[in-house]
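Participant: After the sequence you'll find the predicted model.
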Amino acid sequence: MSWIERIGGANVGTLSFSEPLARHCTWRIGGPADVLAEPGTEEEIARLVAFAGEEGVPLVVVGRGSNLLFCDEGVRGIVLKLGRRFSDLTIEGQAVRAQGGLWVPRLARRLASAGLSGFEHAAGIPGSLGGLITMNGGSLRKSVGDNVVSVFALSLAGERRTFRRDECAFSYRRSRFQDPVGAPGETWIVLGASLVFPRGDRRAIRRETLAVLAERRGKFPLRQPNCGSVFTNDPAVYELAGPPGRIVEETGLKGLQMGGVQVSPRHANFMVNVGEATARDVLTLVSEVRRRVHDRIGVWIECEVRHVDEGGRIAPVSPICEGGEQR
Ligand SMILES: Cc1cc2nc3c(=O)[nH]c(=O)nc-3n(C[C@H](O)[C@H](O)[C@H](O)COP(=O)(O)OP(=O)(O)OC[C@H]3O[C@@H](n4cnc5c(N)ncnc54)[C@H](O)[C@@H]3O)c2cc1C
């Protein structure tokens, strides 16, 4: 019996077999995962991690796939998705406790109705809380890490641990949960977090939230499948040449298309799937954009978007793309 036959009896949550990963990311790109598991409890997550360890099967953790490029071959292993089934939320006074699969726009809405401010910037980010914490995501020079008190996590070696905020290594779009160093004991699944937000005026919070959403609708190509900002806004590069969208635009690359993927004519830091795009198309386009930007300003811009390979390894897209000259 293979592990794929055995996993059905392991009591690890909802399972889908040969599941197209294109259905689980906002870019709508990616081949099938052998198994996609959506646990609903911490016990199911722990059993899944133990199963993968005992069977020696690669396991990769994802949220809503809004910052991921799944490869065309899919994943030969288990994709553990934390989403709707693992998204409890409690708000008591200014203290918030939430599970990793919580949909970020839902958290923003609930905080607004509770009269808590400081999360308006994240209202339009289409990710899970676990993904947001892992990426230390945010906008308008704010990041979720600013409001984190502690993060509850489980390692791939089965250890549960609570990280205080100062142990999370938050910095611009980075955290300690992002870069698995390979050892199972050092690769963490964000199960949930406790956060704290200041009280604010409900009407002001609502106004601010609507303004953030309207600005995003005005600027971003939200009607086409995309993955948010492709390139990071590195402060040193910003000093030199401005934000990545402007750099790509001033390099004359708006509208550039490779296969089914295009640099959005609306916002040059977005790449949109214009139909049947493959991961290979994205890697080719990213390489071309990086190469041409490097030719013009002498800097390699780095990717915020992360790539998942067939073995379930996750890394930023930039070092692995082919075609352009690499650093
Ligand atoms: C239209 C659009 C707009 C966006 N705007 C913004 C923005 O303004 N600011 C911003 O910061 N980002 C933005 N993003 C990018 C993205 O939404 C964020 O990075 C988001 O936080 C990712 O969450 P996710 O659940 O989709 O994570 P995924 O894309 O599923 O995963 C991202 C990374 O986090 C890891 N991960 C996910 N969940 C967990 C977990 N529970 N435990 C451990 N690791 C985990 C994955 O392994 C992967 O490395 C945008 C994306 C889109 C499509």
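Facilitator: Looks like it came in fine.
Participant: Enumerate the beta-bridge partners assigned to Arg306.
Facilitator: In this entry, Arg306 is beta-bridged to Leu68, Pro316, by DSSP bridges.
Participant: got a list of what it touches?
Facilitator: Residues in contact with Arg306, defined by CB atoms under 8 Å, 6 or more residues apart in numbering, are Asn67, Leu68, Leu69, Ile314, Ala315, Pro316, Val317. In short, each C-beta sits where N, CA and C put it, glycine included.
Participant: How many residues are close by Arg6?
Facilitator: By the other CB atoms under 10 Å criterion, the neighbourhood of Arg6 contains 12 residues.
Participant: That one in helix, strand or coil?
Facilitator: Using DSSP: H, G, I helix; E, B strand; the rest coil, the structure places Arg6 in helix.
Participant: just to revisit the earlier point, same list (the contacts of Arg306) but as JSON lines, adding pLDDT and neighbour count.
Facilitator: As requested, the contacts of Arg306 are exported to JSON lines (pLDDT from 0 to 100; neighbours: other CB atoms under 10 Å):
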{"residue": "Asn67", "pLDDT": "97", "neighbour count": "27"}
{"residue": "Leu68", "pLDDT": "98", "neighbour count": "25"}
{"residue": "Leu69", "pLDDT": "98", "neighbour count": "28"}
{"residue": "Ile314", "pLDDT": "92", "neighbour count": "17"}
{"residue": "Ala315", "pLDDT": "88", "neighbour count": "14"}
{"residue": "Pro316", "pLDDT": "85", "neighbour count": "16"}
{"residue": "Val317", "pLDDT": "87", "neighbour count": "23"}
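Participant: Of the residues you listed, which ones also sit close to the ligand?
Facilitator: Restricting the contacts of Arg306 to those near the ligand by CB under 6 Å from any ligand atom leaves Asn67, Leu68, Ile314.
Participant: interface residues of this protein facing the ligand?
Facilitator: Residues of the chain lying close to the ligand by CB under 6 Å from any ligand atom are 26, 61-68, 82, 100, 125-128, 130-132, 134-135, 137-139, 177, 189-190, 220, 222, 226-228, 306, 314.
Participant: now, which of the residues you listed lie within helices?
Facilitator: Gly130, Gly131, Leu132, Thr134, Met135 (DSSP state H).
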